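A.B. asks: predicted structure and sequence below. I'll ask about it afterward.
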Amino acid sequence: MGSQRITDLMVQVFGVNAKDLSEQSSPDTIEEWDSMSHINLILALEREFQVKFTAQESVEMLSVKLVELTLSEKGVDLA
Amino acid sequence: MDAETIDQFASLSGDHNPIHVDPLSASGYGYHKPVAHGALSIALLSRVIGMELPGPGALWLDQNVKWESPVFVGDRIELMATVSDVSAAARVLTLDVKASNQHGEIVMSGACTVQVANEVAVPKASLPGRKLALVTGGTRGLGEAIVRRFAAAGYDVAINGHYSLDAARTIADDVLGAGVEARVYPADVTDHGAVSSMISAVESDFGRLDVIVHGATPELASIPVVEMKYTDIEPFARTYLGGALSLVGCAAPGMRERGFGRLIFLGTSSLFGAPPAGFGAYLAAKSALFGLVKSLAIELAPYGITSNMVSPGLTTTDLTRGTSARTKELLARTIPVRRMTTVEDTANLVCFLAGDDASYLNGVNIPLTGGPV
Amino acid sequence: MTQSFDFGGLEATPGSYLAAARQIENDPSLDAKQINVAVVSTYTAAVIRPYLVVESARRDLAVVPTFGPYGQLEQQLLDPDSVIYASNPDVIVIATRIEDMAEDLSGRLATLSSSEVDEILGELDQRFGNLLESARKHSAGHILVFNFSPPRLTSMGLAGPMSEHPASSVVERANSIIAKACKNISSATVFEYGRVVLETGLDSWTDARLEHLGRIPFSFQAQMNLGKALSRYLSAIFFTPHKCLVVDLDNTLWGGVIGEDGLGGIALGEDYPGNVYKEFQRQLVALKDRGVLLAINSKNDEPDVTEVFERHPDMVLGLDDFAATRINWTDKASNIRSIAEELNIGVDALAFFDDNPVEREWIRANAPEVAVIEVPPDPENYAMALQDSEVFDHLVVVAEDLERAGVYQTEKRRTKLRATHASVADFIRDLDVKVTIGAVNDETMPRVVQLISKTNQFNLTGRRHTAAEIEEIVSLNGGIALWTRSTDRFGDNGLVGVAIAIPDSPTEWRIDSFLMSCRVLGRGVESALLSSLAQQVADKDGKQLIGEYVITKKNGMARAFFEGEGFNPRDEEGHYWEHALDGSSLPAPDFVTINTSET
């Protein structure tokens, strides 16, 4: 997976194992990723990366890959 | 009707009635020789119906016959069946039946009806040897992928293009390296004469033309529909429809003679569901092309030539340059298989349609979108 | 008994709380009291679950939450078979917003007439009444009802406050209705949601995006603060509040040390820094008015303290405001037990407020039942620290009504017993005291002189030498002048002590001056200084060390010093003491690390 920070954050928010996460992970593949935990994910990402998402961006961030791409678009360095 | 035949039938049927097999018994009944089973004459009728009239595919429905005189062992029987009535709709024949012996005496007469089954056609297999596929617009992009896919499947390829001929030659060289024959045929598909020459050249060079894939296309541009004129449709119509007609017109006779042909046309998934705005001219022409495909399918299939269309969805190369990676990913996620169409996906389907396994697919437009249309 | 979760590592992030809640819910601490909390709400309250769980666990409550389906107040509270009642709740929380309960009052206030407003409020009254009655009918659990905060979007705009029924007064009236409804039902309390919003700030509270995406009307910050506030209320429901606040005096009720600085020298007044302490005193008065007992536990001489209370013009508190006082030099843990006994309350009903971290640590170690308030280093934050300490949180109706409901006994908070130190030495050893001793020189002289002039209490002879005099002692008389600094686990105390010895004869040396800042007494620093002094005297062939004690008004507490250090009295008055220097005696305490300074 690309970003360690994103992996660690998702482990915290969803309570999954890091090894179960990949770029393609999404609410389809991760049981714990439901609408409530998606909101917690948005809030946690905002806190961790010091960015703000619009409502539209929030609903569109439905895969790890999309999270990475959205953060990159906001100029976040994911290294 | 010799003794052996009669004995065989007695064993077969279990009818050992002494009158059929024992001269003494027969004479006891007043017959100077054993009498052949009446069924043996019916068996003759079965042979006639099943092998001669109507022959294979016959379904014997009923019969009403009378044995006029006995058939003795040793007699020679001649059975004549005459069609007395035909019901074309029901595909039923009525036959008059008359059997006579060597003395010309009638031994059996009557009538029967027979239904003629539909002929179960055997799929027409392609001719042996390496098949040839002609791909228009085969010099780049999707066309190139199709060329390569056919080559990988062991086809010889004829690469047609109007521009990018250097690219075409590069592809041909690559393909040659894979062990099949590849040649470039420059021609503008909107020019009937050029197409005609090309088909002749191809048939002459390869001795056959099995598959034509028509994917040549002019450059797409967006025009709002209210600003569109008929003249905007023309370039698309000329390439798609005009090109198709020229190709088919020139190639069909040969395909018909060889008893095999595959005509595959490129459509667009926009033909299903809601298309993007601004591409009315392109869509009108592609839609018309599918109409043509269906007509081709009806008229040419009896000769072993199938016609189909493949309509791929949006590929990443279709997207405008400025589309962000995120937007591409979002689009991919709207598709059930979670990725956008690739040229390889289309090439694979085209190659399948060209093969023997797809011989029953005819006149369809297959959406290739990664999801239910 | 240990807390199963380390709250020290908890970060203020959603991820941190979610992970913590997961851990806590899977493995709750055995010492936490388990309570079932059921929440009905007009919005998606379930989002606060991790914050509620974590903050409650921090307060020794293992909350098992149940969240009713969104937007179902009547369905959940009127139906005895509802999910809410099935969870067997110890607490039922009713969380609503004015936007959801009386939309017109927030959204369309401008169009309503007064009678229409009254009508809507009347309906609200009835609705809350019904809900609470039903809740009480079907459950014995305590009921917490969220009150309202002013809505973020104002329908009246800037003209609001001047209109016939301004939004703020409408909200207030609605809140009064809620309070009244609670008063009518046993064990029902208002949860002051409006206050939490205020403290957080309405802008930080709101997150329009979450509201529209998930019907969650508040931001992450709000969720966390709500979790904290709710758990504070839960704590107040289930645990008895503390009854008495025991305070220190120096640098707590006033700035400075009365024994050193005198009446004129302490900071207490209308200007900075005195006003900070004055405000704190006012807060203590308010606390007392609420029914909390006050007590003093201070290391001082009584006359000094009495003088402040009687004569300082800016004192807000009087001595009679205190239910008990211990003004002495005894250790504070013994004092605190003594206070509890005098007031006839349990030691665990006491809370302790002292600016000195060593004293706080001492109480934690030796009187662990006491709630030690974590006092911030800056006095201007004392008032907030006291309020945030939660030790006096109580819900007015708690005791009587719970008895009436006949269900609960309020419980003493389970005692956190740390390992008690076996001896003072162990405690001080734990402090990790480090001492540096050096000879007085030009660099250290100013501070040394200052200390000599300022120190009154632990000052054996009270002599106020000048720099010139000290120089003379050292160069002309061949005497020894030492300074000492000390650090400990809690920080650097700076230059805290001075010792001067003069040879009366080649073999007999007298300690002319020995003084130390009160702040660091009782940790071995004074012994270490004396030991170093003795060593240096011995190095100069001294055979006898004479300790001198000159009584002054302030130094009574130093009277027994030499005796405690193993000196023998030379006279009956305790004026002179002697000790032979033969190498083995006067060792430094082993729990103090001594460095000798080169300079």
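C.D. replies: Yes, it's here.
A.B. asks: for chain C, give me its nearest residue in the stretch 51-200 of chain B.
C.D. replies: For the stretch 51-200 of chain B and chain C, the shortest gap (Cβ to the nearest Cβ) falls at B:L142, measuring 40.3 Å. C-beta here means a position set from N, CA and C on the backbone, and glycine is covered the same way.
A.B. asks: any idea how many residues pack against that residue?
C.D. replies: Close neighbours of B:L142, defined as other Cβ atoms under 10 Å in any protein chain shown, add up to 26.
A.B. asks: what residue in chain A comes nearest to chain B?
C.D. replies: Residue nearest to chain B within chain A: A:L69 (3.9 Å; Cβ to the nearest Cβ).
A.B. asks: any stretches of the stretch 51-200 of chain B with poor pLDDT?
C.D. replies: Filtered on pLDDT under 70, the stretch 51-200 of chain B yields the residue ranges B:118-126.
A.B. asks: ok so, going back, leaving out chain neighbours, which residue sits closest to the residue of the stretch 51-200 of chain B closest to chain C?
C.D. replies: Across the structure, with Cβ to Cβ, 6 or more residues apart in numbering or on different chains as the measure, the residue nearest B:L142 apart from its sequence neighbours is B:V343 (4.8 Å).
A.B. asks: residues contacting the one you found?
C.D. replies: B:G141, B:L142, B:E144, B:A145, B:I146, B:T315, B:T317 (Cβ atoms under 8 Å, 6 or more residues apart in numbering or on different chains).
A.B. asks: mind running it again at 7 Å?
C.D. replies: Taking Cβ atoms under 7 Å, 6 or more residues apart in numbering or on different chains as the definition of contact, the neighbours of B:V343 are B:G141, B:L142, B:A145, B:T315.
A.B. asks: B:V116 and B:P54, how far apart?
C.D. replies: From B:V116 across to B:P54, the span is 5 Å (Cβ to Cβ, to the nearest Å).
A.B. asks: all helices in the stretch 201-350 of chain C, in order from the N-terminus.
C.D. replies: When assigned using DSSP state H, counting those that start in this stretch, the helices of the stretch 201-350 of chain C occupy the ranges C:202-205, C:208-214, C:220-238, C:258-265, C:274-289, C:302-311, C:332-343.
A.B. asks: I meant to write chain A there.
C.D. replies: Along chain A, the stretches classed as helices by DSSP state H are A:4-14, A:35-49, A:55-60, A:64-73.
A.B. asks: spell out which residues of chain A are next to chain C.
C.D. replies: If contacts are counted using Cβ under 7 Å from any Cβ of the partner chain, the residues of chain A sitting beside chain C are A:9, A:12-13, A:15, A:35-36, A:39-40, A:43-44, A:47-48, A:54-55, A:58-59.
A.B. asks: quick check: the residue of the stretch 301-450 of chain C nearest chain A.
C.D. replies: When scored by Cβ to the nearest Cβ, the stretch 301-450 of chain C has C:D388 as its residue closest to chain A, at 22.8 Å.
A.B. asks: do the same with chain B
C.D. replies: Closest residue of chain B to chain A, Cβ to the nearest Cβ: B:R326 (3.9 Å).
A.B. asks: can you count the residues close to the closest residue to that residue other than its chain neighbours?
C.D. replies: Distances taken as Cβ to Cβ, 6+ apart put A:L69 closest to B:R326, at 3.9 Å, once the chain neighbours are dropped. When neighbours are defined as other Cβ under 10 Å, A:L69 has 20 of them.
A.B. asks: need the contact list for residue 48.
C.D. replies: Went with chain A since none was named. Taking Cβ under 7 Å, 6+ apart as the contact definition, A:E48 lies against A:R5, A:L9, C:T13.
A.B. asks: not quite, I wanted chain C
C.D. replies: By Cβ under 7 Å, 6+ apart, the contact set of C:I48 is C:Q223, C:L226, C:G227.
A.B. asks: one more pass at 8 Å, please.
C.D. replies: Contacts of C:I48 (Cβ under 8 Å, 6+ apart): C:Q223, C:L226, C:G227, C:L230.
A.B. asks: one more: C:L586?
C.D. replies: Taking Cβ under 8 Å, 6+ apart, we find C:L586 in contact with C:L530, C:S531, C:A534, C:Q535, C:L545, C:E565, C:G566, C:H579.
A.B. asks: got a list of what the residue most central in space within chain A touches?
C.D. replies: Closest residue to the average C-alpha location of chain A: A:V67 at 4.9 Å, with Cα atoms, centre = their mean. For A:V67, the contact set (Cβ under 8 Å, 6+ apart) comprises A:I6, A:L41, A:L45, A:M61.
A.B. asks: so what's the residue count around the second one?
C.D. replies: This points to A:L41. A:L41 has 23 neighbouring residues, counting by other Cβ under 10 Å.
A.B. asks: before we move on, what about the last one?
C.D. replies: For A:M61, the neighbour count with other Cβ under 10 Å is 23.
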